[in-house]
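Asker: turn this into a model:
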Amino acid sequence: MTEHRIGLTLAESTSPPTQRPYDPDAPNVLVIVLDDLGFAQLGCYGSDIDTPNLDQLAARGLRFTNFHTTAVCSPTRACLLTGRNHHRVGVGMLTDMPVNFPGYTGEIPASAGTLSQYLRAEGWATYAVGKWHLTPRDQRPAGPYHTWPTGVGFDHYYGFLNGETNQWTPQLIRDTTYIEPPATPEEGYHLDSDLAGQAIAYLRNLRLADPERPFMMWYATGTPHAPHQAPPEWIDRYAGQFDRGWDVWREEVLARQKEMGVIASDVELSDSPEWVEPWDEVDPDRQRLYARMMEVYAGFLSHADHHIGRLLDHLERSGDADNTVIALISDNGTSAEGGPNGSWNQIRHYISDEPDDLELELSHYGDLGGFRSSGHYPWGWALAGNTPFRRWKRYTFEGGVRDPLILSWPAGLAAQGELRHQYCHVTDVMPTILDLVGVSPPRTLSGVEQISFDGATMRAVLNDSGAPDHRTSQYYECWGSRAMYHQGWKAVTNHVNQLTAAERDAIVGSHDFAQDRWELFDTAADPTESKNLADQHPARVAELVELWNAEADRNGVLPLDDTAVNRIAHMFMPWMSLQSRYELVPGDMVHEASGPVQFGGYRAVAAFPDGVPEAASGVICEQGDWISGWALFVADGELRWVAVVNGREHRAAAMVPIGSRFLSAVVTPTDDGLFTVTLNADDAEIGRGSKPVPLPTNWAPDGAFLTVGYGRPFPVCDDYNPPAPGPEAMASLTIETGPPPPFDFHAEMAHAMRHQ
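Answerer: Residues are numbered from 1 along each chain as shown. From the prediction side, this is the model:
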């Protein structure tokens, strides 16, 4: 009889068990990134804002006082993850505006492996939580996913892809899927609380499965980047604290910095520029408004510190705290994007050059920090937050690029609670971490040869406060602002950023690259860049400019641009597929980056094949919220179209004829650049709205979702309560952009019947 063997024995089928590919004693890695935090805004750097958990982290580690970034978020994050200069890895600017030049593609190349990729290859579990902002705009709606966190070495991701998001109703992603927040703002939801909870859950699950496996976590809170939003009890604890204004605050912070040793005792405060209004010249109403905006910011930051503290406390409880290398940075200096007056609705600065309306701002005093605000403080507080340095985010003066860095590893670093004054750069952090955890960067990754690092390990500096600077040279470029540091000297252009009207109009300097002048500073003697020595040392200026040109050539910095206009005109987004007609059904959700472009006009047609029922109500479609957005819905027997632009509401409404098969809104541009809104039932006009202001090209910085048949947690207006499910009889929604063709009742009916 023939023996039939249907399988192999265990001994025959398996090779000897392999050992786990990691050292159980290897340290964990936690990288914490704060967003738009100034040099002087943590307690351990001289602030009076309560940040006890981050201060305690500094007490267990080292504070760096001469650490530098790129002056804006995406580029700094690229440097931090790769150890290479930002232009060299394609992230010379925000990934929102990728262009087809090597330094600005918005994609980190496979030849520049990330910290997460290198550690995962050695067995570390890897997690990313929070803000990402390293994926080009056209890849955010639905991939491809090679630039998402899970595509560059992270096992799991929970957070938001864009530069900012509403802290109450964020655009969340789990791994590669958009999800709604797990709770509502009314139920106490806030993004910082959610991120900390998710980070802790990841680490708990890891330890339940494997008590010894090292982990690497990227924890990037969106705080304190705008919108400044926090629970009221956190804001109110600062009531009255900033009433004396930004000038007094700067002086008091500098005194504390000197007492702490963060700044040398002979350092002078940088001059307050002429475009920052002296506090004692601000009228009482505006003083009250500006002080409240700073209270909101402080509460926002303290609230974030509390939730980071929850994560740090979990490490203590799990026994991982001592053997975790923690690096905490801010990605750039403070943001002055609120302009001279700040705003309850900072979104308008993204979509309009409309001048500030202080009466409107004062009317929203009570909304600041809450559900009905998307706030930002005035640039006087931005200057103060970078004490003692000059300028702010987007500029390569020290206020834009000199930021907090805290490094902690109790089990591996003897020094605790000390300061380090050596010059260093964000590209140095990744090589330092690899050195500390004992991982050598591979020559190839997934078959791709790896390019060299621009950063270098800071181990010698960590171990010896008297060690010489391990780095003596670094170029800078951000939105056309340029600088070159070399052996203690720094040359900086006087170029004015052209992104916002307030800066174009108010800041003194050059608006033309051909007219730029290079200023020169001896940073050892003058860290606040107060004494321009260019006229005394023209040869040194020429030397530094020549060095900058060489570095620009090596790293792919050119061409320079100081606006958004040219980048938008040259945007290269091969994965974007815009359509002129969108056929949608209830439950659909379309990201703004791939949804209907409305500013040229559109027609939205909701189909009811069986006729509109008498009790019809609910959202037909919605995009954005009561800060900035539009909605088409049925309420109290009316078809209503509402748009909120620059915080002002515009609407049209008409009674709905029961039994209508189609309800539509037609938004048509007029010769004067404004719009008319016509409401229709079937092919007959039933109502007309007054002309609203021009519609924006985008409703929100993070790309507002267009939802069909329901609303997201915040409505566009108070006429309906989310989710306000759409009329049950609605079968579909068709949106056509641009000048719409004549309405074809029979063709639309045939389309609607397919969705019943």
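
Asker: what's the neighbour count on the closest residue to residue 448 other than its chain neighbours?
Answerer: Nearest residue to residue 448, sequence neighbours excluded (Cβ to Cβ, 6 or more residues apart in numbering): residue 110, at 4.4 Å. For every residue, glycine as well, the C-beta is placed using N, CA and C. Counted with other Cβ atoms under 10 Å, the burial measure for residue 110 works out to 15 neighbours.

Asker: what sits against residue 110?
Answerer: Going by Cβ atoms under 8 Å, 6 or more residues apart in numbering, residue 110 touches 445-446, 448.

Asker: how about it, phi and psi?
Answerer: phi -60, psi -20 (degrees, to the nearest 10).

Asker: could you measure from it over to residue 445?
Answerer: 7 Å (Cβ to Cβ, to the nearest Å).

Asker: show me the helices in the stretch 1-150 of the chain, by range?
Answerer: Along the stretch 1-150 of the chain, counting by DSSP state H, counting those that start in this stretch, helices occupy 10-13, 52-59, 73-82, 115-121.

Asker: please apply the same query to the stretch 151-300 of the chain.
Answerer: Assigned by DSSP H, counting those that start in this stretch, the helices in the stretch 151-300 of the chain fall at 191-209, 232-236, 245-260, 284-318.

Asker: for the second one, name the packing helices and strands.
Answerer: Same thing as helix 232-236. helix 284-318 (3 or more Cβ pairs under 8 Å, 6 or more residues apart in numbering; DSSP states H and E).

Asker: the first one now?
Answerer: Counting by 3+ Cβ pairs under 8 Å, 6+ apart, the packing neighbours recorded for helix 191-209 are strand 125-131, strand 156-160, strand 215-220, helix 284-318.

Asker: circling back to that earlier point, filter the contacts of residue 110 down to the ones in strands?
Answerer: 445, 448 (DSSP state E).

Asker: show me the shaky parts of the chain.
Answerer: 1-20, 351, 691, 740-741, 744-756 (pLDDT under 70).

Asker: ok, now with 80
Answerer: 1-21, 349-354, 576-578, 647, 671-673, 690-697, 702-703, 739-756 (pLDDT under 80).

Asker: how about residue 597: what's its closest non-neighbour residue?
Answerer: Nearest one to residue 597, counting by Cβ to Cβ, 6+ apart, is residue 737 at 5.5 Å.

Asker: what is the burial count for that neighbour?
Answerer: Other residues near residue 737 come to 21 when the count uses other Cβ under 10 Å.

Asker: surely it meets residue 599?
Answerer: No - if you go by Cβ atoms under 8 Å, residue 737 and residue 599 don't touch, sitting 9.1 Å apart.

Asker: quick one: strands adjacent to the helix or strand that contains residue 482?
Answerer: Using DSSP states H and E, the element containing residue 482 is strand 481-486. In the sheet, strand 481-486 lines up against strand 473-478 (antiparallel), strand 489-493 (antiparallel) (DSSP bridges).

Asker: just the buried positions in the longest one, please.
Answerer: Residues of strand 473-478 classed as buried by neighbour count (16 or more other Cβ atoms under 10 Å): 474-478.

Asker: pull the distance from that strand to the chain's centre.
Answerer: 22 Å (Cα atoms, centre = their mean, to the nearest Å).

Asker: quick check: phi and psi on residue 569?
Answerer: Backbone geometry at residue 569, expressed as degrees, to the nearest 10, gives phi -60, psi -30.

Asker: that one: neighbour count?
Answerer: Using other Cβ under 10 Å, residue 569 has 10 other residues around it.

Asker: show the contacting residues for it.
Answerer: Contact analysis of residue 569 by Cβ under 8 Å, 6+ apart lists nothing.

Asker: rewinding a little: would you list the strands paired with strand 481-486 in TSV and tack on distance to residue 428?
Answerer: Output for the strands paired with strand 481-486, formatted as TSV (distance: least, Cβ to Cβ, whole Å):
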stretch	distance to residue 428
strand 473-478	10
strand 489-493	17
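
Asker: kindly state which of those strands is positioned closest to residue 320.
Answerer: Residue 320 lies closest, by Cβ to Cβ, to one member of the strands paired with strand 481-486: strand 473-478, at 33.7 Å.

Asker: could you measure from the spatially most central residue of the chain over to residue 225?
Answerer: Here the mean C-alpha position of the chain is nearest to the C-alpha of residue 163 (Cα atoms, centre = their mean), at a distance of 2.4 Å. Separation of residue 163 from residue 225 (Cβ to Cβ) stands at 7 Å.

Asker: and if you look at residue 401?
Answerer: Between residue 401 and residue 225 the computed distance is 17 Å (Cβ to Cβ).

Asker: my guess is residue 51 contacts residue 37, does it?
Answerer: No - with contact defined as Cβ under 8 Å, residue 51 does not reach residue 37; the gap is 9.6 Å.

Asker: single out the most deeply packed of the helices of the stretch 1-150 of the chain.
Answerer: helix 73-82 (a mean of 28; mean count of other Cβ atoms under 10 Å).

Asker: name the helices or strands packed onto it?
Answerer: Using 3+ Cβ pairs under 8 Å, 6+ apart, helix 73-82 sits against strand 28-34, helix 115-121, helix 429-437.

Asker: need those in JSON lines (columns: distance to residue 280).
Answerer: As requested, the helices and strands packed on helix 73-82 are exported to JSON lines (distance: least, Cβ to Cβ, whole Å):
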{"stretch": "strand 28-34", "distance to residue 280": "31"}
{"stretch": "helix 115-121", "distance to residue 280": "48"}
{"stretch": "helix 429-437", "distance to residue 280": "41"}
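
Asker: of these, which is nearest residue 701?
Answerer: strand 28-34 (18.2 Å).

Asker: that closest one pairs with which strands, and in what direction?
Answerer: Strand 28-34 has these strand partners (DSSP bridges): strand 215-220 (parallel), strand 324-330 (parallel).

Asker: what bridges to the residue lying closest to residue 154 once chain neighbours are set aside?
Answerer: Once flanking residues are discounted, residue 154 sits nearest to residue 128: 4.2 Å by Cβ to Cβ, 6+ apart. Beta bridges link residue 128 to residue 157, residue 218, judged by DSSP bridges.

Asker: surely residue 128 meets residue 202?
Answerer: No - in this structure residue 128 lies outside contact range of residue 202 using Cβ under 8 Å: 9.7 Å.

Asker: shared neighbours of these two, anything?
Answerer: 156, 158, 217.

Asker: for the second one, what are its contacts?
Answerer: Contacts of residue 158 were listed using Cβ under 8 Å, 6+ apart, and they are 128-130, 172-175, 195, 198, 202.

Asker: among those, name the buried ones.
Answerer: 128-130, 172-173, 195, 198, 202.

Asker: residues touching the residue nearest to residue 597, list them.
Answerer: Counting by Cβ under 8 Å, 6+ apart, residue 737 has contacts 580-581, 596-598, 600-602.

Asker: and residue 384, what element?
Answerer: helix 379-385.

Asker: list the helices and strands that helix packs on?
Answerer: Counting contacts by 3+ Cβ pairs under 8 Å, 6+ apart, helix 379-385 is packed against helix 245-260, helix 284-318.
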